[in-house]
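1. Quick one, structure for this:
(chains A and B)
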There are 2 protein chains.
Amino acid sequence: MTAALLDALRAIVGAPQVLTDGDLSAWEVDWRKRYRGKALAVVRPASTAEVAAVVRACAAHGASIVPQGGNTGLVGGAVPDASGTQVVLSLQRLNRIREIDAANLTMTVEAGCVLQGVQEAAAAQGLLFPLSLAAEGSCTIGGNLATNAGGTQVLRYGNARELCLGLEVVTPNGEVWDGLSGLRKDNTGYDLRDLYIGSEGTLGIITAAVLKLHPQPAAQVTALAAVPTLEQAVGLLQLAQAKLGAGLTGFEVMGAFALELVAKHFPQLRQPLPPSPWTVLLEQSDTESAEHARGLFDAMLEAALERGLITDAVVAESLEQSRSLWHLRESIPLAQAEEGLNIKHDISVPVSRIPAFVASTDAQIAQRFPGARLVNFGHLGDGNLHYNVQAPEGVGAAAFLREHEAAVNALVYDAVLAHGGSISAEHGIGALKRDELPRRKSPVALQLMRAIKRALDPANRMNPGRVIAP
Amino acid sequence: MTAALLDALRAIVGAPQVLTDGDLSAWEVDWRKRYRGKALAVVRPASTAEVAAVVRACAAHGASIVPQGGNTGLVGGAVPDASGTQVVLSLQRLNRIREIDAANLTMTVEAGCVLQGVQEAAAAQGLLFPLSLAAEGSCTIGGNLATNAGGTQVLRYGNARELCLGLEVVTPNGEVWDGLSGLRKDNTGYDLRDLYIGSEGTLGIITAAVLKLHPQPAAQVTALAAVPTLEQAVGLLQLAQAKLGAGLTGFEVMGAFALELVAKHFPQLRQPLPPSPWTVLLEQSDTESAEHARGLFDAMLEAALERGLITDAVVAESLEQSRSLWHLRESIPLAQAEEGLNIKHDISVPVSRIPAFVASTDAQIAQRFPGARLVNFGHLGDGNLHYNVQAPEGVGAAAFLREHEAAVNALVYDAVLAHGGSISAEHGIGALKRDELPRRKSPVALQLMRAIKRALDPANRMNPGRVIAP
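-> Purely as a prediction, here's the structure:
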């Protein structure tokens, strides 16, 4: 049975592209090294037709499929289980940029294109593909779409979902849906595109996409502002949105302890503002010039000072300064890792409820886990916080996690739900949160999801056991 | 059976809200008066719980349901068939604005809220709800979402889909899915929201929604430009997008004959530019001031003149002038109606293919239907044209339609498909295009749509016969 399937796969993609021996950990172990699976085979098709043929062969032999892009996901959604019966279908060889249509502001790319390559191809035409996230050097656009990735430009440009106009998908029975429309308006039936986006490979395999491009801004300028409270940070966001409109492309918040860890582990990084309970990084993209952007920043920050929303601020004087402010923000996860393991959360609540959520959750954490330290930072403009909990000073991180991770998660997720939020803002469900989901999501929604899964993948062969339990 | 159902409905919503006698044409006849149905009853629930109870009662008695908002749809999707067995479920009494959350830039509204009321409620808080279309004085937000309405601000703000963060839906078995999240990031499973948006009431009934608001721009300024060819119009669009970025909120094109009809039937409207093969209306929304917007317009239009993209242009000097330019554009459908019946199309192609599509389709029309006149105008920035065909001068419009409508439609739709376009850009499928869809859409997509319909509405009781054939 297995031998017959492997023969069929070899006949489709060629023997060298069916990997069964040697070290397959690059495909079998996830990015965070929390999931270590065993694949029946890793299959590397080079075209949509080959993907479809692989899916049909697996269906004929009753094998289930785990689609995989850059394998940078954070929820264990793209590695096989330990059974040794699942076929990993790697999309990495589908890596052509099929077309760039500058007048339509679109580009058509295959699923295995690395995000950074997509950004660069757009930039070479003087255009912007705004999706941007830490793993951009190795994650693939297919994975970005399958998980509806977020990142740092969502405030202005939306999630991966909002940056996609059409898809090509191989269905669970190995047919190809060509939905590669570059249309901004198309109301001809159900929105299959958005159903596949974010479905984490459980309904079919995204093989190509039409992406939405934007004009390149003439300049990007960042500023840093010291803010006494999160209420004031939300007030600053409202002011910045009113004054800068779509020019405001980034609004990141960083808690004092997060920046303290950066100072401790990366003392060479200059922090231009004195410590403050909260520091906000603002980014402005301007169609005119850096000078124009600075002028708008100055006026807006002056108004913010007058209204008592901020206590101090600095506007980057050069591209280099802008980059070094972003570098501070990007160094938080690294500083955190240097400090030791912590309990990570990728949560969102309505922006207006961020202050209340943080105040009440901080207080509960302090009471239940005395001394626990909060590394709190994230995309405030999207209501998305990485609300991470670090062991108390002097307590071993591993022991703290072993003992308290489940209880900390329960506390945080209860608080998120109480504030109308989501337990997965931008990372997805995968295997990691699959069993948490039924406790945190509306039973009616789960029932609708199960009905859709059964309808489109009745044999449960596409990434089974991810997102929803069989 | 019928009597028992009517009793059950009266028990739920009260006898006065179950209409069975008298003139029900307001609910039974569509906006264009192309579809005249007969309802078993028109039921007017006042709350989500009542909607759910009505759905359960209909299910128990085997009756099908036609959800209806403002009954302004253009594809016959919201009126009952002629059988006298369908229940029209009017959402008009669900018309409360439940909440406006300025800091989260969201508002939560019930499905029966009239679009203009939603716009006004946002404006009263200094915020913008940008969805805008001709029927805004009577269409409802539930209908806008069920049909994924488009309109004049899509270029910057997207369709109804992009303006919605969450939904409340009554499912076909009468359960309530509370998906009223005001979250900008939520990756916890399949995108049910977007599946319901645009499903035209065939999968369930939208009862409320969380809408995305934007800051009000400080000023809106319009300009008019004369353009020799559509190639140059697309070039002007690219230039305007590069120079104005997100400030460009409208880009409408008007053919010479369309403006000629306006001049003929509304001679009191001043047309500030001399006749040109194409005239473009540009709208800019500015976060600073009208002066700033005019300065950007002047610089951009000067560059367009230098590059030979335009032959003439005028920038509105006042809000009143801006409005009068929009008024010209809005008068085209009215002038067209004055001129007589015509064959309407709501099509889209990639923006880059508009010139080729129009050139080849115009030529085919001229050859097959000598003398037929083209009223061609629309949302060029979205690739969406209202490509309408009017009888030759002196030929009776009714006779022309009777004789040629089917052949004209076939010609236009073939051309649309050949250019990778859509036969319904912003109006939906409803009853009007249901039988056309299988000829124009991928069989794989249709199969996926049918599987979803069967999974979520196995008894086919939600707006049966619309969008996809049973």
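2. you'd agree residue A:77 is up against residue A:198?
-> No: the pair residue A:77 / residue A:198 is not scored as a contact, 11.1 Å apart, by Cβ atoms under 8 Å. All C-beta spots, glycine's among them, are computed from the backbone N, C-alpha and C.
3. what about those two, which has more around it?
-> Set side by side, residue A:77 and residue A:198 show more neighbours around residue A:77, with 29 against 24, by other Cβ atoms under 10 Å in any protein chain shown.
4. ok, for that one, nearest residue in space, not its chain neighbours?
-> The shortest distance from residue A:77 to any non-neighbouring residue, by Cβ to Cβ, 6 or more residues apart in numbering or on different chains, is to residue A:430 (2.9 Å).
5. repeat for residue A:464
-> In space, and not counting its chain neighbours, residue A:464 is closest to residue A:64: 5.1 Å by Cβ to Cβ, 6+ apart.
6. What degree of burial does the one you found show, as a neighbour count?
-> Other residues near residue A:64 come to 21 when the count uses other Cβ under 10 Å.
7. can you tell me how far the most centrally placed residue in chain A sits from chain B?
-> Taking Cα atoms, centre = their mean as the criterion, residue A:149 is the residue nearest the geometric centre of chain A, at 3.5 Å. Distance, residue A:149 to chain B, using Cβ to the nearest Cβ, to the nearest Å: 9 Å.
8. How much space separates that residue from residue A:130?
-> For residue A:149, the distance to residue A:130 equals 12 Å [Cβ to Cβ, to the nearest Å].
9. same thing with residue A:106?
-> 14 Å.
10. which of those two has more neighbours?
-> residue A:106 (27 against 22).
11. Quickly list what that one is bridged to.
-> Here residue A:106 sits in beta bridges with residue A:101, residue A:212, going by DSSP bridges.
12. Assumed residue A:237 was part of a strand.
-> No: under DSSP: H, G, I helix; E, B strand; the rest coil, residue A:237 sits outside any strand and is assigned helix.
13. isn't it right next to residue A:351, touching?
-> Yes: taking Cβ under 8 Å as the definition, residue A:237 is a contact partner of residue A:351 at 6.8 Å.
14. Which residues are in contact with each of the two?
-> A:380-381, B:103 (Cβ atoms under 8 Å, 6 or more residues apart in numbering or on different chains).
15. Most neighbours out of the residues you listed, which is it?
-> Using other Cβ under 10 Å as the neighbour test, the shared contacts of residue A:237 and residue A:351 are led by residue A:381, with 27 neighbours.
16. What separation do you get for residue A:66 and chain B?
-> With Cβ to the nearest Cβ as the criterion, residue A:66 and chain B are 18 Å apart.
17. Helix, strand or coil: sort out that residue for me.
-> When classified by three-state DSSP, residue A:66 comes out as strand.
18. who's in contact with it?
-> Applying Cβ under 8 Å, 6+ apart, the residues near residue A:66 are A:39, A:78-80, A:86-89, A:201, A:463.
19. and the residues you listed, which two are the farthest apart?
-> Using Cβ to Cβ, the contacts of residue A:66 reach their maximum pairwise distance at A:39 and A:201, which is 14.5 Å.
20. Between those two, which has more neighbouring residues?
-> It is residue A:201, of residue A:39 and residue A:201, that has more neighbours when counted by other Cβ under 10 Å, with 26 against 23.
21. ok, the more buried one to chain B distance?
-> 12 Å.
22. and that residue, what does it touch?
-> By Cβ under 8 Å, 6+ apart, residue A:201 lies in contact with A:66-67, A:77-78, A:146, A:462-463, A:466.
23. Okay, and which of those residues map to strands?
-> Those of these mapping onto strands are A:66-67, per DSSP state E.
24. okay if I get the contacts of residue A:201 as JSON lines plus pLDDT and distance to residue A:227?
-> Output for these, formatted as JSON lines (pLDDT from 0 to 100; distance: Cβ to Cβ, whole Å):
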{"residue": "A:66", "pLDDT": "98", "distance to residue A:227": "44"}
{"residue": "A:67", "pLDDT": "98", "distance to residue A:227": "42"}
{"residue": "A:77", "pLDDT": "97", "distance to residue A:227": "36"}
{"residue": "A:78", "pLDDT": "98", "distance to residue A:227": "38"}
{"residue": "A:146", "pLDDT": "98", "distance to residue A:227": "36"}
{"residue": "A:462", "pLDDT": "98", "distance to residue A:227": "45"}
{"residue": "A:463", "pLDDT": "98", "distance to residue A:227": "42"}
{"residue": "A:466", "pLDDT": "97", "distance to residue A:227": "39"}
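25. Same question for residue A:377, what's its three-state structure.
-> Following three-state DSSP, residue A:377 is assigned to strand.
26. how about the helices in the stretch 301-450 of chain A?
-> A:319-339, A:354-368, A:397-418, A:437-440, A:443-456 (DSSP state H, counting those that start in this stretch).
27. May I see those arranged in JSON lines, with mean neighbour count, distance to chain B and mean pLDDT as well?
-> Putting those into JSON lines (neighbours: other Cβ atoms under 10 Å in any protein chain shown; distance: least, Cβ to the nearest Cβ, whole Å; pLDDT from 0 to 100) gives the following:
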{"stretch": "helix A:319-339", "mean neighbour count": "17", "distance to chain B": "17", "mean pLDDT": "94"}
{"stretch": "helix A:354-368", "mean neighbour count": "17", "distance to chain B": "9", "mean pLDDT": "98"}
{"stretch": "helix A:397-418", "mean neighbour count": "16", "distance to chain B": "10", "mean pLDDT": "96"}
{"stretch": "helix A:437-440", "mean neighbour count": "14", "distance to chain B": "6", "mean pLDDT": "94"}
{"stretch": "helix A:443-456", "mean neighbour count": "18", "distance to chain B": "3", "mean pLDDT": "98"}
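28. one step back: show me the common contact partners of residue A:77 and residue A:198, please.
-> By Cβ under 8 Å, 6+ apart, residue A:77 and residue A:198 have these common neighbours: A:147, A:428.
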